[in-house]
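Undergrad: fold the following.
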Amino acid sequence: MKINSYLDSTYLKTPAQSGLSEEETLKIVIDLAQEAIDNDIFAVMIRPDYVKPVRTFLTEKNANVVIGTVIGFHEGTYSIEYKLAEAKKAIEDGVDELDFVINYEAYKSGELELVKKEFVQCTQLCLEHGKIAKWIIEIAALTDNQIADITNKIATWAEESFKDEDLEKIFVKSSTGFYQTEGGKPNGATVEGIQIMLANAGKLPVKAAGGVRTPEEAENMINMGVKRIGTSSAKALIKNENISGGY
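TA: Below is the predicted model:
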């Protein structure tokens, strides 16, 4: 199986998180884009600040690599207005896909109208501009019942609010890769978590992010029904090299 076309090659650390400069971080994301070109990787997933220069780079290379970015990352607790503004700027800068962190803390507190409003308004913005919207639910922060419920709610809201032909452009995604778990528990996609998502996502596609360490694991996720895989080790995954830690 050629897994390249399922992969979102990811670098989401800020300079402050990595201890690198802005210039060093920009070089990393440009190199990531070149690596995607060289290895026929579907997409690069980067922070909003780097969308514009990566778009310029890919245009100069006449490359068809998709650019994705993250919105409301990584906590998800930003206001709807903040997420909309961040998304609009990314769209203006040339992004193709936007991965929003849903306000899962609001969901857990029972503030469903706020979560629904956020989902509908941000997804509408993406669809109006011909973009893909993905919704990160952060499965490591949820119980199995909560994973099932929020996935089902997102699917229901999508089917209520948008045209049937648009549903393939609205993903449910497992993880940010930044959530701090206790006791060594995984903070990314797990087979069990993805199974629950797939069983409750209705017509929406599912993206598994983090925790995929081998080509066999990637193929298993794809065979389960996952449409995309987020990984910070895309090249190593393709070439079956050792992967250790991280997203």
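Undergrad: show me which helix or strand of this structure is least confident by mean pLDDT.
TA: None of the helices or strands of the chain scores lower by mean pLDDT, DSSP states H and E than helix 234-239, at a mean of 93.
Undergrad: show me which positions of that helix end up buried.
TA: Buried residues in helix 234-239, defined by neighbour count with 16 or more other C-beta atoms under 10 Å: 234-238. Glycine gets a C-beta too; all of them are placed from N, C-alpha and C.
Undergrad: show me what that helix packs onto, helices and strands only.
TA: strand 7-11, helix 22-39, helix 215-224 (3 or more C-beta pairs under 8 Å, 6 or more residues apart in numbering; DSSP states H and E).
Undergrad: adding mean pLDDT, distance to residue 129 and mean neighbour count, write the ones you listed out as JSON lines.
TA: As requested, the helices and strands packed on helix 234-239 are arranged in JSON lines below (pLDDT from 0 to 100; distance: least, C-beta to C-beta, whole Å; neighbours: other C-beta atoms under 10 Å):
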{"stretch": "strand 7-11", "mean pLDDT": "97", "distance to residue 129": "19", "mean neighbour count": "24"}
{"stretch": "helix 22-39", "mean pLDDT": "98", "distance to residue 129": "21", "mean neighbour count": "17"}
{"stretch": "helix 215-224", "mean pLDDT": "96", "distance to residue 129": "28", "mean neighbour count": "16"}
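Undergrad: of these, give the one that comes closest to residue 102.
TA: Among the helices and strands packed on helix 234-239, strand 7-11 comes nearest to residue 102, with 17.7 Å by C-beta to C-beta.
Undergrad: and that closest one with helix 215-224, angle?
TA: With axes from the mean of the first three to the mean of the last three C-alpha atoms, to 10 degrees applied, the angle from strand 7-11 to helix 215-224 works out at 120 degrees.
Undergrad: next one: strand 7-11 to chain centre, how far?
TA: 9 Å (C-alpha atoms, centre = their mean, to the nearest Å).
Undergrad: sorry, back to before: redo the helices and strands packed on helix 234-239 as TSV? Include distance to residue 120.
TA: Output for those, formatted as TSV (distance: least, C-beta to C-beta, whole Å):
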stretch	distance to residue 120
strand 7-11	24
helix 22-39	31
helix 215-224	28
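Undergrad: many thanks, I have nothing further to ask.
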